[in-house]
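**Student:** sequence-free structure coming up:
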């Protein structure tokens with residue numbers, strides 16, 4: 001377990017912040033891991049599902065590798081009590097009833113206000129920190145609507161107009177986030193999983209690629225540990241339901257640890273840290289992907305990795321993996 005967590009921290013400690021999502025009308029910036037003076041968590045909160053402690057460097061066993069992973073229990077949530085925002089409380093209530101849109105909106109709002117702590121109010125607006133955040137990473141600016149993005153893009157042609165637009169935006173966001181208090185990280189993580197289960201495919205892949213916790217934060221260690229077990233099992237379930245991309249992500253994770261090649265792919269380097277290299281398992285899942293009807297770009301990558309892992313297997317192992325993939329494809333991908 002220590003190796004797993006260290007691997008996750010080393011791989012993504014500098015690149016993943018609070019949470020990133022890409023709904024049609026918003027972009028969330030990575031926020032710092034801890035607000036200054038943040039509490040260590042809610043001592044009265046319920047713990048995550050107790051099975052989360054079973055995470056290991058090889059959470060996907062040979063016995064359940066055929067996609068027969070048992071249904072995952074829902075994550076426990078701290079009791080719902082009034083927070084800094086009644087609208088956020090209503091979103092959480094709806095999310096707990098299974099509303100993926102409400103879960104996503106809660107996370108986006110919380111991420112935006114979390115970020116605004118660091119772009120805080122000054123004697124004038126926009127503050128230097130707010131301007132620098134926009135200038136350094138416009139594509140990851142906190143939760144801009146399409147209208148805001150368009151307005152700022154147009155204003156960039158005129159420095160004075162841009163400053164005015166940024167000042168107006170900062171004041172609006174500060175007003176929206178007035179009284180904000182960081183939520184228990186268990187809430188963020190559990191609502192992220194609700195969105196992943198009940199939402200659109202992009203919500204599922206956000207949970208896999210940009211999980212809703214910050215690896216560099218001590219407050220999120222429990223979430224990182226649980227995710228290391230939960231994410232591979234969720235991928236198995238998606239693969240069993242006919243999602244070839246899930247098979248591809250598993251094949252990549254079994255084939256490589258933190259190597260280049262993830263950019264633009266539906267996977268996560270954190271998954272590499274959670275799953276130990278296993279050439280036989282990599283060969284199974286990548287073979288399945290090539291049989292399931294894949295896009296040309298990723299198919300070529302899968303074939304390249306297949307050749308690499310095949311060299312690490314003896315003929316009997318290769319034959320066994322190919323037989324498994326053919327049977328799996330026939331059962332779960334009948335139209336391949």
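**Tutor:** Now that the structure is in, tell me what you want to look at. Remember, it's a predicted structure, so these values are computed and weren't measured experimentally.

**Student:** by contact count, what packs against the helix or strand containing residue 237?
**Tutor:** Residue 237 belongs to helix 221-240 when assigned by DSSP states H and E. With contacts taken as 3 or more Cβ pairs under 8 Å, 6 or more residues apart in numbering; DSSP states H and E, helix 221-240 sits against helix 2-12, helix 185-198, helix 201-209, helix 244-255, helix 269-274. All C-beta atoms are positioned from the backbone trio N, CA, C, and that covers glycine.

**Student:** any idea how far it is from the chain center?
**Tutor:** Computed by Cα atoms, centre = their mean, to the nearest Å, the chain-centroid distance of helix 221-240 equals 11 Å.

**Student:** same thing with stretch 71-81?
**Tutor:** 18 Å.

**Student:** then stretch 76-92?
**Tutor:** Taking Cα atoms, centre = their mean, one finds stretch 76-92 lying 22 Å from the centre of the chain it belongs to.

**Student:** now do the end-to-end distance for that stretch.
**Tutor:** With Cα to Cα, to the nearest Å as the measure, the ends of stretch 76-92 fall 13 Å from one another.

**Student:** repeat for stretch 175-187
**Tutor:** Here the two ends of stretch 175-187 are set 23 Å apart, with distance taken as Cα to Cα.

**Student:** residue 74: neighbour count?
**Tutor:** 13 (other Cβ atoms under 10 Å).

**Student:** just the pLDDT for it.
**Tutor:** pLDDT for residue 74: 86.

**Student:** secondary structure element for it?
**Tutor:** Assigned by DSSP H and E, residue 74 falls outside every helix and strand.

**Student:** gap between it and residue 191?
**Tutor:** Distance from residue 74 to residue 191, counting by Cβ to Cβ, to the nearest Å: 11 Å.

**Student:** picking that back up, among the helices and strands packed on helix 221-240, which is the most enclosed?
**Tutor:** helix 244-255 (a mean of 27; mean count of other Cβ atoms under 10 Å).

**Student:** run the chain-centre distance for stretch 108-124.
**Tutor:** Offset of stretch 108-124 from its chain centre (Cα atoms, centre = their mean): 22 Å.

**Student:** check contacts around the nearest residue to residue 173 once chain neighbours are set aside.
**Tutor:** Leaving out its chain neighbours, the residue that sits closest to residue 173 by Cβ to Cβ, 6 or more residues apart in numbering is residue 116, at 5.3 Å. Applying Cβ atoms under 8 Å, 6 or more residues apart in numbering to residue 116 gives the contacts 142, 173, 174, 177, 180.

**Student:** pLDDT check: weakest of those residues?
**Tutor:** When those are sorted by pLDDT, the bottom entry is residue 142 at 55.

**Student:** how many neighbours does residue 159 have?
**Tutor:** With other Cβ under 10 Å as criterion, residue 159 counts 9.

**Student:** ranges for the helices of the stretch 51-200 of the chain?
**Tutor:** Under the criterion DSSP state H, counting those that start in this stretch, the stretch 51-200 of the chain contains helices at 86-96, 100-116, 128-136, 146-155, 159-176, 185-198.

**Student:** coming back round to it: export the contacts of residue 116 to CSV and tack on neighbour count and distance to residue 84?
**Tutor:** Rendered in CSV, the data for the contacts of residue 116 read as follows (neighbours: other Cβ atoms under 10 Å; distance: Cβ to Cβ, whole Å):
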residue, neighbour count, distance to residue 84
142, 27, 17
173, 20, 15
174, 18, 14
177, 21, 9
180, 20, 5
